[in-house]
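S.K.: Curious how this folds, go ahead:
(chains A and B)
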Amino acid sequence: QKEVEQDPGPLSVPEGAIVSLNCTYSNSAFQYFMWYRQYSRKGPELLMYTYSSGNKEDGRFTAQVDKSSKYISLFIRDSQPSDSATYLCAMPTPGRGSGAGSYQLTFGKGTKLSVIP
Amino acid sequence: EAGVAQSPRYKIIEKRQSVAFWCNPISGHATLYWYQQILGQGPKLLIQFQNNGVVDDSQLPKDRFSAERLKGVDSTLKIQPAKLEDSAVYLCASSRLQGDSPLHFGNGTRLTVT
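M.R.: Just a heads-up that it's a prediction; the model follows:
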């Protein structure tokens, strides 16, 4: 079982729809959860960052964490064509290196979202 | 604040050739990462630097990949010799601190090995 599972889609929705993006994870050591957005031919950019179970809202975006089920979600309200991108969940864990402070982000595969005008 | 700069944006080489990528992180960011993103996959960490020291290179294929950050600022990643499976986007990222400090990514170098 992979550490982070994410349905790659693609997901296509009409403008204005509510979008739900999800990831599951297997490692109970994950404490922090991130969502990155990656536009075509660009690097990922941090969208949401949450520590705890429950919901965190930022404008049209809501991140939800359920640690008991090892399940995280990102909801997008009133989706816009400009939201068309790949959404990656990511979780930081201690890295496998021997150096102090070794730290690694484990990413899901990403879900490609298209919002149709 | 200027972002993470990477060059070149695109590179096409034949297998068994060598290639180098350059990264300049955000000013003041001590931690620098190189990630490999194969098409349809999430980024995978290759190497992490803290200033000019290597913190984690456990997933770097050291028989062909090398990286350095000599002065603790910019960094280069080299592949020699390249294989077909090295075709990917190579992303550089930096963060202010280690641990769970958010990463800021560059736009990557898209490498095609033919």
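S.K.: So A:Ser82, which state does it fall into?
M.R.: For A:Ser82, the assignment made with DSSP: H, G, I helix; E, B strand; the rest coil gives helix.
S.K.: which secondary element of chain A has the worst mean pLDDT?
M.R.: Every helix and strand in chain A was compared by mean pLDDT, DSSP states H and E; the lowest is strand A:103-107, with a mean of 82.
S.K.: Apologies, that question was intended for chain B.
M.R.: Bottom-ranked secondary element of chain B by mean pLDDT, DSSP H and E: strand B:53-56, a mean of 90.
S.K.: what lines up beside the next helix-or-strand element following that one in the sheet?
M.R.: Scanning forward in sequence from strand B:53-56 by DSSP states H and E, the next helix or strand is strand B:65-68. According to DSSP bridges, strand B:65-68 forms sheet pairs with strand B:75-79 (antiparallel).
S.K.: List the buried residues for the partner strand?
M.R.: Neighbour-count burial for strand B:75-79 flags B:75, B:77, B:79 (criterion: 16 or more other C-beta atoms under 10 Å in any protein chain shown). The way it works is simple: take the backbone N, C-alpha and C, and place the C-beta from them, glycine included.
S.K.: pLDDT value on the last one, please?
M.R.: The model reports B:Ile79 with a pLDDT of 98.
S.K.: dump the residue contacts of it.
M.R.: Contacts here follow C-beta atoms under 8 Å, 6 or more residues apart in numbering or on different chains; on that basis B:Ile79 touches B:18-20, B:64-65, B:86, B:111.
S.K.: Would you mind writing the ChimeraX command to select the buried ones in the residues you listed?
M.R.: Buried subset of the contacts of B:Ile79, written as a ChimeraX selection, criterion 16+ other C-beta under 10 Å:
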select /B:19,65,86,111
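S.K.: got the contacts of B:Ile79 as JSON lines, with secondary structure and pLDDT columns?
M.R.: JSON lines is the format used below for the contacts of B:Ile79 (DSSP: H, G, I helix; E, B strand; the rest coil; pLDDT from 0 to 100):
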{"residue": "B:Ser18", "secondary structure": "coil", "pLDDT": "98"}
{"residue": "B:Val19", "secondary structure": "strand", "pLDDT": "98"}
{"residue": "B:Ala20", "secondary structure": "strand", "pLDDT": "98"}
{"residue": "B:Arg64", "secondary structure": "coil", "pLDDT": "97"}
{"residue": "B:Phe65", "secondary structure": "strand", "pLDDT": "98"}
{"residue": "B:Asp86", "secondary structure": "helix", "pLDDT": "98"}
{"residue": "B:Leu111", "secondary structure": "strand", "pLDDT": "98"}
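S.K.: nearest to B:Leu45, of the contacts of B:Ile79?
M.R.: B:Leu45 has its nearest neighbour among the contacts of B:Ile79 in B:Phe65, at 12.3 Å by C-beta to C-beta.
S.K.: Report the beta-bridge partners for the nearest residue to that closest one once chain neighbours are set aside.
M.R.: Nearest residue to B:Phe65, sequence neighbours excluded (C-beta to C-beta, 6 or more residues apart in numbering or on different chains): B:Ile79, at 5.6 Å. Per DSSP bridges, the residues bridged to B:Ile79 are B:Val19, B:Phe65.
S.K.: how close does B:Ile79 get to chain A?
M.R.: 19 Å (C-beta to the nearest C-beta, to the nearest Å).
S.K.: how near is that residue to B:Ile26?
M.R.: 25 Å (C-beta to C-beta, to the nearest Å).
S.K.: Also A:Tyr51?
M.R.: According to C-beta to C-beta, A:Tyr51 stands 23 Å off from B:Ile26.
S.K.: between those two, who's got more neighbours?
M.R.: B:Ile26 (17 against 11; other C-beta atoms under 10 Å in any protein chain shown).
S.K.: Perfect, I'm done here.
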